[in-house]
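Asks: model this:
(one chain, ligands or ions: 1)
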Amino acid sequence: MTTLMTQVDIFSPEFRRDPYPTYRLLRDEMPVYPSTSEKGLEMWLVTRYDDALTLLKDDRLIKNRMSLLPPEMVAALDIPDVVKPMMRNMLDLDAPDHTRLRALVHKAFTPALVERMRQQTQTIADELLDAVAARRSMNLMDDFAFPLPMTVISNILGIPAADRDRFRQWSNDIIDRELDDDMEAVVPIMSAFFGYLDVLFEARRRQPQPDLITALVEAEEAGDKLSQDELYAMVMLLIIAGHETTVNLIGNGTLALLCHPDQMALLRQNPGLARGAVEEMLRYDSPVQVATERYAREEMVFAGQHINQGDLMLAALGSANRDPQRFTDPDRFDITREDNRHLSFGQGIHYCIGAPLARMEAAIAFNTLLRRLPGLRLAVAPDELTYRPNMFLRGLTRLPVEW
Ligand code: HEM
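Replies: Next up, the predicted model:
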(Lines give C-alpha, C1' and ligand atoms only; values in the text may rest on other atoms or scores of the structure.)
Protein backbone atom coordinates (compact mmCIF):
# COMPACT_ATOMS: atom_id res chain seq x y z
CA MET A 1 0.00 0.00 0.00
CA THR A 2 1.22 3.53 -0.76
CA THR A 3 1.66 5.93 2.13
CA LEU A 4 1.02 9.63 2.39
CA MET A 5 3.96 12.00 2.16
CA THR A 6 2.47 14.05 5.01
CA GLN A 7 0.84 12.87 8.23
CA VAL A 8 -2.95 13.19 8.24
CA ASP A 9 -5.27 13.01 11.25
CA ILE A 10 -8.94 13.42 10.39
CA PHE A 11 -9.85 13.29 14.09
CA SER A 12 -7.61 16.16 15.21
CA PRO A 13 -8.84 19.60 16.36
CA GLU A 14 -6.76 21.17 13.51
CA PHE A 15 -8.65 19.13 10.95
CA ARG A 16 -11.98 20.11 12.50
CA ARG A 17 -11.05 23.79 12.37
CA ASP A 18 -10.11 23.66 8.68
CA PRO A 19 -10.39 20.30 6.91
CA TYR A 20 -9.88 21.70 3.41
CA PRO A 21 -6.04 21.55 3.14
CA THR A 22 -6.15 17.92 4.32
CA TYR A 23 -8.87 17.07 1.82
CA ARG A 24 -6.69 18.54 -0.95
CA LEU A 25 -3.79 16.36 0.10
CA LEU A 26 -5.97 13.25 0.25
CA ARG A 27 -7.56 13.92 -3.16
CA ASP A 28 -4.08 14.31 -4.65
CA GLU A 29 -2.25 11.50 -2.90
CA MET A 30 -4.67 8.92 -1.51
CA PRO A 31 -8.24 9.48 -2.70
CA VAL A 32 -9.54 6.31 -1.00
CA TYR A 33 -7.94 6.83 2.38
CA PRO A 34 -7.83 4.17 5.13
CA SER A 35 -8.31 5.70 8.54
CA THR A 36 -8.68 4.29 12.04
CA SER A 37 -10.47 6.06 14.88
CA GLU A 38 -9.00 6.33 18.36
CA LYS A 39 -11.04 3.32 19.48
CA GLY A 40 -9.91 1.28 16.50
CA LEU A 41 -12.83 1.60 14.08
CA GLU A 42 -11.51 1.27 10.53
CA MET A 43 -12.98 3.17 7.59
CA TRP A 44 -12.25 4.30 4.04
CA LEU A 45 -12.66 8.02 3.35
CA VAL A 46 -13.44 8.80 -0.31
CA THR A 47 -12.52 12.39 -1.15
CA ARG A 48 -12.76 12.94 -4.94
CA TYR A 49 -16.01 14.20 -6.49
CA ASP A 50 -16.40 11.44 -9.10
CA ASP A 51 -15.61 8.70 -6.58
CA ALA A 52 -17.94 10.14 -3.92
CA LEU A 53 -20.76 10.33 -6.48
CA THR A 54 -20.11 6.73 -7.56
CA LEU A 55 -20.02 5.59 -3.93
CA LEU A 56 -23.40 7.17 -3.13
CA LYS A 57 -25.03 5.37 -6.06
CA ASP A 58 -23.12 2.08 -5.89
CA ASP A 59 -25.46 -0.82 -5.10
CA ARG A 60 -22.53 -2.96 -3.99
CA LEU A 61 -22.69 -0.80 -0.85
CA ILE A 62 -25.45 -1.09 1.70
CA LYS A 63 -26.64 0.82 4.75
CA ASN A 64 -27.84 -1.96 7.03
CA ARG A 65 -24.70 -3.71 8.23
CA MET A 66 -26.79 -6.23 10.19
CA SER A 67 -27.99 -7.76 6.92
CA LEU A 68 -24.42 -8.96 6.29
CA LEU A 69 -24.28 -10.92 9.54
CA PRO A 70 -25.81 -14.36 10.21
CA PRO A 71 -28.96 -14.06 12.41
CA GLU A 72 -27.28 -15.77 15.40
CA MET A 73 -24.51 -13.18 15.35
CA VAL A 74 -27.03 -10.32 15.24
CA ALA A 75 -28.86 -11.89 18.18
CA ALA A 76 -25.58 -12.12 20.10
CA LEU A 77 -24.87 -8.41 19.65
CA ASP A 78 -25.53 -6.59 22.87
CA ILE A 79 -27.74 -3.80 21.53
CA PRO A 80 -29.72 -2.03 24.27
CA ASP A 81 -33.50 -2.42 23.72
CA VAL A 82 -34.10 1.28 23.73
CA VAL A 83 -31.63 1.80 20.87
CA LYS A 84 -33.21 -0.87 18.64
CA PRO A 85 -36.11 1.22 17.28
CA MET A 86 -33.67 3.82 15.97
CA MET A 87 -32.08 1.15 13.79
CA ARG A 88 -35.33 1.15 11.84
CA ASN A 89 -34.84 4.69 10.48
CA MET A 90 -34.85 4.87 6.70
CA LEU A 91 -31.38 6.38 6.42
CA ASP A 92 -29.94 3.18 7.92
CA LEU A 93 -32.00 0.77 5.80
CA ASP A 94 -31.94 -0.65 2.28
CA ALA A 95 -34.67 -1.65 -0.16
CA PRO A 96 -37.40 -2.79 0.28
CA ASP A 97 -37.77 -1.33 3.82
CA HIS A 98 -36.16 1.95 2.81
CA THR A 99 -38.43 2.27 -0.23
CA ARG A 100 -41.58 1.70 1.85
CA LEU A 101 -40.58 4.14 4.61
CA ARG A 102 -39.41 6.85 2.23
CA ALA A 103 -42.67 6.65 0.25
CA LEU A 104 -44.64 7.29 3.45
CA VAL A 105 -43.11 10.72 4.03
CA HIS A 106 -41.94 11.64 0.55
CA LYS A 107 -45.42 12.69 -0.38
CA ALA A 108 -45.53 15.03 2.60
CA PHE A 109 -42.36 16.93 1.57
CA THR A 110 -43.73 18.26 -1.70
CA PRO A 111 -43.24 21.69 -3.33
CA ALA A 112 -46.75 22.45 -2.03
CA LEU A 113 -45.55 21.99 1.56
CA VAL A 114 -42.57 24.25 0.91
CA GLU A 115 -44.90 26.92 -0.47
CA ARG A 116 -47.22 26.55 2.51
CA MET A 117 -44.30 27.01 4.92
CA ARG A 118 -42.76 29.98 3.09
CA GLN A 119 -44.85 32.73 4.70
CA GLN A 120 -44.58 31.07 8.09
CA THR A 121 -40.79 30.86 7.77
CA GLN A 122 -40.61 34.56 6.93
CA THR A 123 -42.70 35.40 9.99
CA ILE A 124 -40.48 33.23 12.23
CA ALA A 125 -37.30 34.87 10.84
CA ASP A 126 -38.72 38.36 11.45
CA GLU A 127 -39.86 37.53 14.98
CA LEU A 128 -36.45 36.12 15.88
CA LEU A 129 -34.74 39.28 14.70
CA ASP A 130 -37.37 41.51 16.39
CA ALA A 131 -36.37 39.83 19.65
CA VAL A 132 -32.67 40.75 19.33
CA ALA A 133 -32.76 43.96 17.25
CA ALA A 134 -32.41 46.36 20.17
CA ARG A 135 -29.55 44.33 21.70
CA ARG A 136 -27.29 45.01 18.71
CA SER A 137 -25.50 41.69 19.21
CA MET A 138 -26.34 37.99 19.37
CA ASN A 139 -24.96 34.50 19.23
CA LEU A 140 -26.36 33.78 15.79
CA MET A 141 -26.38 30.02 16.36
CA ASP A 142 -28.66 30.15 19.43
CA ASP A 143 -30.72 33.20 18.57
CA PHE A 144 -31.38 32.61 14.88
CA ALA A 145 -29.79 29.59 13.14
CA PHE A 146 -31.22 27.01 15.57
CA PRO A 147 -34.74 28.29 16.32
CA LEU A 148 -35.64 28.96 12.68
CA PRO A 149 -35.42 25.41 11.24
CA MET A 150 -36.43 23.85 14.57
CA THR A 151 -39.67 25.85 14.60
CA VAL A 152 -40.39 25.00 10.96
CA ILE A 153 -39.89 21.22 11.33
CA SER A 154 -41.77 21.23 14.66
CA ASN A 155 -44.72 22.98 13.01
CA ILE A 156 -44.74 20.44 10.18
CA LEU A 157 -44.64 17.51 12.62
CA GLY A 158 -46.94 19.10 15.19
CA ILE A 159 -44.58 19.45 18.16
CA PRO A 160 -45.64 22.03 20.74
CA ALA A 161 -43.47 25.18 20.79
CA ALA A 162 -42.73 24.87 24.50
CA ASP A 163 -40.94 21.52 24.02
CA ARG A 164 -38.46 22.52 21.33
CA ASP A 165 -35.50 23.34 23.55
CA ARG A 166 -35.65 19.89 25.09
CA PHE A 167 -35.38 18.41 21.63
CA ARG A 168 -32.31 20.45 20.92
CA GLN A 169 -30.49 18.95 23.88
CA TRP A 170 -31.49 15.37 23.06
CA SER A 171 -30.73 15.84 19.41
CA ASN A 172 -27.31 17.42 20.09
CA ASP A 173 -26.44 14.63 22.52
CA ILE A 174 -27.30 11.96 19.95
CA ILE A 175 -25.55 13.72 17.07
CA ASP A 176 -22.38 14.64 18.96
CA ARG A 177 -21.52 11.02 19.72
CA GLU A 178 -18.44 9.72 18.02
CA LEU A 179 -18.90 7.08 15.36
CA ASP A 180 -17.18 4.50 17.56
CA ASP A 181 -18.85 5.45 20.87
CA ASP A 182 -20.50 2.80 22.97
CA MET A 183 -24.27 2.59 22.41
CA GLU A 184 -24.81 2.55 26.18
CA ALA A 185 -24.06 6.27 26.19
CA VAL A 186 -27.27 7.13 24.35
CA VAL A 187 -29.60 4.96 26.43
CA PRO A 188 -30.77 7.70 28.84
CA ILE A 189 -31.27 10.18 26.00
CA MET A 190 -33.21 7.70 23.88
CA SER A 191 -35.37 6.80 26.88
CA ALA A 192 -36.24 10.45 27.48
CA PHE A 193 -36.86 11.09 23.79
CA PHE A 194 -39.09 8.04 23.33
CA GLY A 195 -40.92 8.73 26.60
CA TYR A 196 -41.79 12.16 25.30
CA LEU A 197 -42.89 10.79 21.92
CA ASP A 198 -45.14 8.22 23.67
CA VAL A 199 -47.14 11.02 25.25
CA LEU A 200 -47.32 12.94 21.98
CA PHE A 201 -48.43 9.91 19.93
CA GLU A 202 -51.10 9.08 22.47
CA ALA A 203 -52.44 12.64 22.35
CA ARG A 204 -52.68 12.46 18.53
CA ARG A 205 -54.42 9.09 18.67
CA ARG A 206 -57.06 10.59 20.96
CA GLN A 207 -57.32 13.86 19.10
CA PRO A 208 -55.98 13.89 15.52
CA GLN A 209 -54.52 17.16 14.23
CA PRO A 210 -53.64 18.36 10.72
CA ASP A 211 -49.95 17.51 11.18
CA LEU A 212 -47.40 14.90 10.03
CA ILE A 213 -47.27 13.08 13.38
CA THR A 214 -51.01 12.40 13.17
CA ALA A 215 -50.57 11.08 9.60
CA LEU A 216 -47.73 8.78 10.73
CA VAL A 217 -49.62 7.56 13.81
CA GLU A 218 -52.56 6.72 11.54
CA ALA A 219 -50.23 4.88 9.14
CA GLU A 220 -48.90 2.84 12.06
CA GLU A 221 -52.41 2.00 13.24
CA ALA A 222 -53.37 0.91 9.70
CA GLY A 223 -50.96 -2.01 10.25
CA ASP A 224 -48.85 -2.95 7.30
CA LYS A 225 -47.15 0.34 6.44
CA LEU A 226 -45.19 1.31 9.51
CA SER A 227 -44.26 -0.69 12.62
CA GLN A 228 -44.19 0.92 16.04
CA ASP A 229 -40.38 1.01 16.07
CA GLU A 230 -40.40 2.59 12.63
CA LEU A 231 -42.82 5.27 13.80
CA TYR A 232 -40.42 6.30 16.60
CA ALA A 233 -37.45 6.15 14.26
CA MET A 234 -39.17 8.21 11.58
CA VAL A 235 -40.17 11.06 13.88
CA MET A 236 -36.75 11.11 15.49
CA LEU A 237 -34.98 11.12 12.11
CA LEU A 238 -37.16 13.95 10.82
CA ILE A 239 -36.58 16.05 13.93
CA ILE A 240 -32.81 15.50 13.86
CA ALA A 241 -32.26 15.69 10.08
CA GLY A 242 -34.77 18.53 9.83
CA HIS A 243 -32.81 20.95 11.96
CA GLU A 244 -29.22 19.82 12.77
CA THR A 245 -28.22 20.32 9.14
CA THR A 246 -30.08 23.53 8.32
CA VAL A 247 -28.73 25.16 11.51
CA ASN A 248 -25.25 24.65 10.14
CA LEU A 249 -26.13 25.87 6.67
CA ILE A 250 -27.30 29.14 8.25
CA GLY A 251 -24.24 29.32 10.54
CA ASN A 252 -21.57 28.36 7.97
CA GLY A 253 -23.27 30.43 5.27
CA THR A 254 -23.39 33.55 7.45
CA LEU A 255 -19.72 33.08 8.34
CA ALA A 256 -18.82 32.76 4.65
CA LEU A 257 -20.65 36.04 3.95
CA LEU A 258 -18.98 37.81 6.89
CA CYS A 259 -15.55 36.66 5.68
CA HIS A 260 -16.30 37.78 2.09
CA PRO A 261 -17.71 41.33 2.42
CA ASP A 262 -17.89 41.80 -1.38
CA GLN A 263 -20.17 38.76 -1.68
CA MET A 264 -22.24 39.93 1.29
CA ALA A 265 -22.70 43.38 -0.31
CA LEU A 266 -23.66 41.75 -3.61
CA LEU A 267 -26.36 39.65 -1.96
CA ARG A 268 -27.62 42.56 0.12
CA GLN A 269 -28.06 44.66 -3.03
CA ASN A 270 -29.56 41.76 -5.02
CA PRO A 271 -31.80 39.58 -2.84
CA GLY A 272 -32.78 37.76 -6.04
CA LEU A 273 -29.33 36.10 -5.92
CA ALA A 274 -30.27 34.22 -2.73
CA ARG A 275 -31.03 30.96 -4.53
CA GLY A 276 -27.56 30.72 -6.08
CA ALA A 277 -25.94 32.05 -2.91
CA VAL A 278 -27.46 29.21 -0.88
CA GLU A 279 -26.11 26.65 -3.39
CA GLU A 280 -22.66 28.20 -3.08
CA MET A 281 -22.83 28.13 0.74
CA LEU A 282 -23.84 24.46 0.58
CA ARG A 283 -20.85 23.74 -1.66
CA TYR A 284 -18.25 25.99 -0.04
CA ASP A 285 -18.65 24.85 3.57
CA SER A 286 -20.97 21.84 3.53
CA PRO A 287 -23.15 21.36 6.63
CA VAL A 288 -22.87 17.59 6.11
CA GLN A 289 -19.16 17.01 5.52
CA VAL A 290 -19.33 13.23 5.36
CA ALA A 291 -22.33 11.16 4.22
CA THR A 292 -23.57 8.49 6.62
CA GLU A 293 -22.08 4.98 6.77
CA ARG A 294 -22.15 2.53 3.90
CA TYR A 295 -20.78 -1.05 4.02
CA ALA A 296 -19.38 -3.23 1.26
CA ARG A 297 -21.89 -6.00 0.51
CA GLU A 298 -19.10 -7.99 -1.15
CA GLU A 299 -15.38 -7.94 -1.70
CA MET A 300 -14.66 -5.47 -4.48
CA VAL A 301 -12.34 -2.98 -6.11
CA PHE A 302 -13.40 0.63 -5.63
CA ALA A 303 -11.50 3.39 -7.45
CA GLY A 304 -8.52 1.05 -7.74
CA GLN A 305 -8.56 0.10 -4.06
CA HIS A 306 -9.25 -3.42 -2.82
CA ILE A 307 -12.18 -3.40 -0.35
CA ASN A 308 -13.21 -6.32 1.86
CA GLN A 309 -16.78 -7.42 2.50
CA GLY A 310 -18.23 -5.44 5.42
CA ASP A 311 -15.73 -2.56 5.14
CA LEU A 312 -17.05 0.85 6.18
CA MET A 313 -16.93 3.45 3.40
CA LEU A 314 -17.58 7.16 3.80
CA ALA A 315 -18.10 9.78 1.08
CA ALA A 316 -16.45 13.07 2.06
CA LEU A 317 -18.99 15.47 0.56
CA GLY A 318 -17.12 18.52 1.85
CA SER A 319 -14.04 17.40 -0.06
CA ALA A 320 -15.92 16.40 -3.22
CA ASN A 321 -17.41 19.91 -3.28
CA ARG A 322 -13.89 21.41 -3.41
CA ASP A 323 -12.53 19.08 -6.08
CA PRO A 324 -10.79 21.16 -8.79
CA GLN A 325 -11.53 18.37 -11.30
CA ARG A 326 -15.19 19.28 -10.94
CA PHE A 327 -15.36 22.97 -9.87
CA THR A 328 -13.39 25.87 -11.30
CA ASP A 329 -11.40 27.66 -8.61
CA PRO A 330 -13.12 25.57 -5.90
CA ASP A 331 -11.72 27.46 -2.89
CA ARG A 332 -13.28 30.72 -4.10
CA PHE A 333 -16.63 31.69 -2.52
CA ASP A 334 -18.68 33.06 -5.41
CA ILE A 335 -22.44 33.44 -4.94
CA THR A 336 -22.93 33.87 -8.70
CA ARG A 337 -21.19 30.57 -9.52
CA GLU A 338 -22.93 28.62 -12.28
CA ASP A 339 -22.74 24.86 -12.80
CA ASN A 340 -22.85 24.22 -9.06
CA ARG A 341 -23.89 20.57 -8.81
CA HIS A 342 -22.51 20.03 -5.32
CA LEU A 343 -23.12 16.82 -3.36
CA SER A 344 -24.26 18.48 -0.13
CA PHE A 345 -27.68 16.79 -0.15
CA GLY A 346 -26.20 13.41 -1.10
CA GLN A 347 -27.15 11.43 -4.22
CA GLY A 348 -28.96 8.23 -5.13
CA ILE A 349 -31.79 6.62 -3.21
CA HIS A 350 -30.99 8.37 0.09
CA TYR A 351 -30.93 11.85 -1.50
CA CYS A 352 -32.14 14.35 1.08
CA ILE A 353 -35.91 14.46 1.37
CA GLY A 354 -35.82 17.91 2.95
CA ALA A 355 -33.65 19.65 0.32
CA PRO A 356 -36.40 21.95 -1.08
CA LEU A 357 -37.46 22.88 2.45
CA ALA A 358 -33.89 23.61 3.58
CA ARG A 359 -33.24 25.72 0.46
CA MET A 360 -36.35 27.79 1.08
CA GLU A 361 -35.54 28.29 4.78
CA ALA A 362 -31.96 29.32 4.07
CA ALA A 363 -32.84 31.83 1.32
CA ILE A 364 -35.32 33.51 3.68
CA ALA A 365 -32.83 33.42 6.56
CA PHE A 366 -30.04 35.18 4.61
CA ASN A 367 -32.22 37.76 2.90
CA THR A 368 -33.92 38.65 6.20
CA LEU A 369 -30.61 38.88 8.07
CA LEU A 370 -29.07 41.18 5.48
CA ARG A 371 -32.17 43.36 5.09
CA ARG A 372 -32.81 43.77 8.82
CA LEU A 373 -29.21 44.07 10.09
CA PRO A 374 -27.33 46.34 7.64
CA GLY A 375 -24.16 46.63 9.76
CA LEU A 376 -23.85 42.90 10.48
CA ARG A 377 -20.28 41.90 11.41
CA LEU A 378 -18.35 39.32 13.39
CA ALA A 379 -18.01 40.18 17.09
CA VAL A 380 -14.88 38.02 17.56
CA ALA A 381 -11.79 37.26 15.49
CA PRO A 382 -12.44 34.38 13.02
CA ASP A 383 -9.72 32.25 14.65
CA GLU A 384 -11.61 32.33 17.96
CA LEU A 385 -14.49 30.36 16.43
CA THR A 386 -14.77 26.66 17.27
CA TYR A 387 -16.61 23.75 15.70
CA ARG A 388 -18.76 21.02 17.24
CA PRO A 389 -16.90 17.74 17.70
CA ASN A 390 -18.62 15.76 14.98
CA MET A 391 -17.19 13.84 12.08
CA PHE A 392 -20.28 14.09 9.87
CA LEU A 393 -21.57 17.61 10.47
CA ARG A 394 -19.66 20.86 10.26
CA GLY A 395 -21.22 23.30 12.69
CA LEU A 396 -20.00 26.26 14.74
CA THR A 397 -20.45 26.04 18.50
CA ARG A 398 -21.12 29.80 18.63
CA LEU A 399 -21.22 32.64 16.13
CA PRO A 400 -21.11 35.99 17.98
CA VAL A 401 -22.17 38.86 15.69
CA GLU A 402 -23.02 42.54 16.18
CA TRP A 403 -24.50 45.37 14.07
C1 HEM B 1 -29.07 22.20 4.76
C2 HEM B 1 -29.86 21.28 5.16
C3 HEM B 1 -29.69 19.83 4.87
C4 HEM B 1 -28.61 19.13 4.42
C5 HEM B 1 -27.23 19.67 4.07
C6 HEM B 1 -29.00 17.74 4.35
C7 HEM B 1 -28.18 16.73 3.89
C8 HEM B 1 -28.57 15.42 3.73
C9 HEM B 1 -27.73 14.39 3.18
C10 HEM B 1 -26.28 14.56 2.73
C11 HEM B 1 -28.46 13.25 3.16
C12 HEM B 1 -28.00 11.88 2.64
C13 HEM B 1 -27.13 11.19 3.63
C14 HEM B 1 -26.52 9.93 3.08
O15 HEM B 1 -26.82 9.49 1.97
O16 HEM B 1 -25.70 9.34 3.82
C17 HEM B 1 -29.76 13.55 3.71
C18 HEM B 1 -30.77 12.64 3.88
C19 HEM B 1 -31.95 12.93 4.51
N20 HEM B 1 -32.40 14.18 4.91
FE21 HEM B 1 -31.41 15.93 4.73
N22 HEM B 1 -30.30 17.62 4.76
C23 HEM B 1 -30.77 18.88 5.07
C24 HEM B 1 -32.03 19.20 5.51
C25 HEM B 1 -33.03 18.30 5.76
C26 HEM B 1 -34.35 18.64 6.24
C27 HEM B 1 -34.88 20.04 6.49
C28 HEM B 1 -35.01 17.44 6.41
C29 HEM B 1 -36.39 17.17 6.95
C30 HEM B 1 -37.42 17.52 6.59
C31 HEM B 1 -34.12 16.38 6.01
C32 HEM B 1 -34.42 15.04 6.02
C33 HEM B 1 -33.63 14.04 5.50
C34 HEM B 1 -34.01 12.64 5.49
C35 HEM B 1 -35.28 12.04 6.06
C36 HEM B 1 -32.96 11.94 4.88
C37 HEM B 1 -32.87 10.43 4.63
C38 HEM B 1 -33.39 10.10 3.26
C39 HEM B 1 -33.28 8.65 2.91
O40 HEM B 1 -32.67 7.86 3.64
O41 HEM B 1 -33.86 8.27 1.88
N42 HEM B 1 -32.93 16.94 5.62
N43 HEM B 1 -29.81 14.89 4.04
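Asks: which one is Leu255 nearest to, not counting chain neighbours?
Replies: Spatial nearest neighbour of Leu255, chain neighbours left out: Leu399 (6.3 Å); criterion: CB to CB, 6 or more residues apart in numbering. The C-beta positions use only the backbone N, C-alpha and C, and glycine is treated the same way.
Asks: Tell me how far the one you found lies from Phe146.
Replies: Using CB to CB, to the nearest Å, we find Leu399 at a distance of 11 Å from Phe146.
Asks: Also Ile79?
Replies: For Ile79, the distance to Phe146 - CB to CB - is 31 Å.
Asks: out of the two, which sits in the busier spot?
Replies: Phe146 (25 against 13; other CB atoms under 10 Å).
Asks: how about the more buried one, what does it touch?
Replies: Residues near Phe146 by CB atoms under 8 Å, 6 or more residues apart in numbering: Arg168, His243, Val247.
Asks: got the residues of the stretch 1-150 of the chain near the ligand?
Replies: Counting by CB under 6 Å from any ligand atom, the stretch 1-150 of the chain comes close to the ligand at Met90, Leu91, Arg102, Phe109.
Asks: in the protein, what residue is nearest the ligand?
Replies: Gly354 (2.2 Å; CB to the nearest ligand atom).
Asks: which residues sit in contact with that residue?
Replies: Contact partners of Gly354, counting by CB under 8 Å, 6+ apart, are Phe109, Ala241, Gly242, Thr245, Thr246.
Asks: Would you indicate which residues of stretch 184-197 are buried?
Replies: Across stretch 184-197, burial judged by 16 or more other CB atoms under 10 Å covers Val186, Ile189, Met190, Phe193, Phe194, Leu197.
Asks: hey, which helix is longest across this protein?
Replies: For the chain, the helix reaching the highest residue count under DSSP state H is reported as helix 228-259.
Asks: does the ligand sit close to that one?
Replies: Yes: counting by CB under 6 Å from any ligand atom, contacts between helix 228-259 and the ligand involve Leu237, Leu238, Ala241, Gly242, Thr245, Thr246, Leu249.
Asks: what's the closest non-adjacent residue to the residue most central in space within the chain?
Replies: The centroid of the chain falls nearest to Thr245 when counting by CA atoms, centre = their mean (3.7 Å). Among residues not flanking Thr245 along the chain, Pro287 sits closest, at 4.8 Å (CB to CB, 6+ apart).
Asks: For the stretch 101-250 of the chain, give me the ranges with low pLDDT.
Replies: The model of the stretch 101-250 of the chain has pLDDT under 70 over residues 178-180, 224.
Asks: Can you show me the helices along it?
Replies: 111-133, 140, 147-157, 164-175, 187-206, 212-222, 228-259 (DSSP state H, counting those that start in this stretch).
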